[in-house]
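A.B. asks: Sequence and predicted model, in that order:
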Amino acid sequence: MKKILTIALLLFSIATFAQGNLQFNKIVNFKSGNNYTVPTGKVLKIVSINALSDVAVRLPLSSCNPNGIKGVWSNGSIVPVYFTDCIYDGLTYLKISNQKFDVSGQSNQNNPQNQCTSCPPFAGVSITSSTFNNFKLPIWLSSGEEVSVAQIDGLLISAIEFNIIP
């Protein structure tokens, strides 16, 4: 029994020594346009991801595709309705390590001429503040992993950086 206890105690002490200790280094806050890579010898603990309210994002028009005519039943007859696909650039609004969080925009525009001039130059998309309630926090990042916040206002991330002490 003494041998088992001695071996168990020895393995436990080796395991705890091998992992190192964490020492508080600093608070890191991210907002619009921030990029951060966890330095060597440190870890990052993301403790909150919040939006001040619903975050409005403007996506620029990237392409347009006139698609033709749809028949719509109106007042007892089929009426032709022209439509155009307006396709807008997507945006990665948040990147944490290898996870990307994107918004994209595509819309069908009904217009009488079936032309791309009916596509607005920007699409307004909203990232709701409730989106961030679904994150399982805290999120731990090790050396070399990255946090990136797009150039949008209203998104705030708070984290704690720790030194790894052997």
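C.D. replies: Nice, I can see it.
A.B. asks: if you average pLDDT over stretch 157-166, what comes out?
C.D. replies: Averaging the model's pLDDT scores along stretch 157-166 yields 94.
A.B. asks: Bridged to the closest residue to residue 25 other than its chain neighbours, which residues?
C.D. replies: In space, and not counting its chain neighbours, residue 25 is closest to residue 161: 4.5 Å by CB to CB, 6 or more residues apart in numbering. Glycine gets a C-beta too; all of them are placed from N, C-alpha and C. Judged by DSSP bridges, the bridge partners of residue 161 are residue 26, residue 44.
A.B. asks: so residue 161 sits right up against residue 44, yeah?
C.D. replies: Yes - the pair residue 161 / residue 44 is scored as a contact, 5.4 Å apart, by CB atoms under 8 Å.
A.B. asks: Pull up the overlap in contacts between these two.
C.D. replies: Here residue 161 and residue 44 share the contacting residues 28, 38, scored by CB atoms under 8 Å, 6 or more residues apart in numbering.
A.B. asks: who has more neighbours, those two?
C.D. replies: residue 44 (26 against 18; other CB atoms under 10 Å).
A.B. asks: residue contacts, that one?
C.D. replies: 28, 36, 38, 140, 141, 145, 147, 159, 160, 161, 162 are the contacts of residue 44 under CB under 8 Å, 6+ apart.
A.B. asks: let's see 10 Å
C.D. replies: 25, 28, 36-38, 96-97, 138-143, 145-147, 159-162 (CB atoms under 10 Å, 6 or more residues apart in numbering).
A.B. asks: try residue 63
C.D. replies: 85, 86, 87, 88, 89, 106, 116, 119.
A.B. asks: Go ahead and confirm the fifth one touches residue 104.
C.D. replies: What it means is residue 89. Yes - if you go by CB atoms under 10 Å, residue 89 and residue 104 touch, sitting 8.1 Å apart.
A.B. asks: Quick check: neighbours shared by those two?
C.D. replies: Joint contacts of residue 89 and residue 104 (CB under 10 Å, 6+ apart) are 59, 123.
A.B. asks: in the protein, which spans are strands?
C.D. replies: Ranges of strands within the chain are 21-30, 35-37, 42-51, 55-74, 77-96, 99-110, 122-127, 139-141, 146-149, 155-165, based on DSSP state E.
A.B. asks: Out of those, which gets nearest to residue 133?
C.D. replies: For residue 133, the closest of the strands of the chain is strand 42-51, at 9.1 Å, according to CB to CB.
A.B. asks: ok, how many other residues are close to residue 46?
C.D. replies: The tally of other residues near residue 46 (other CB under 10 Å) stands at 20.
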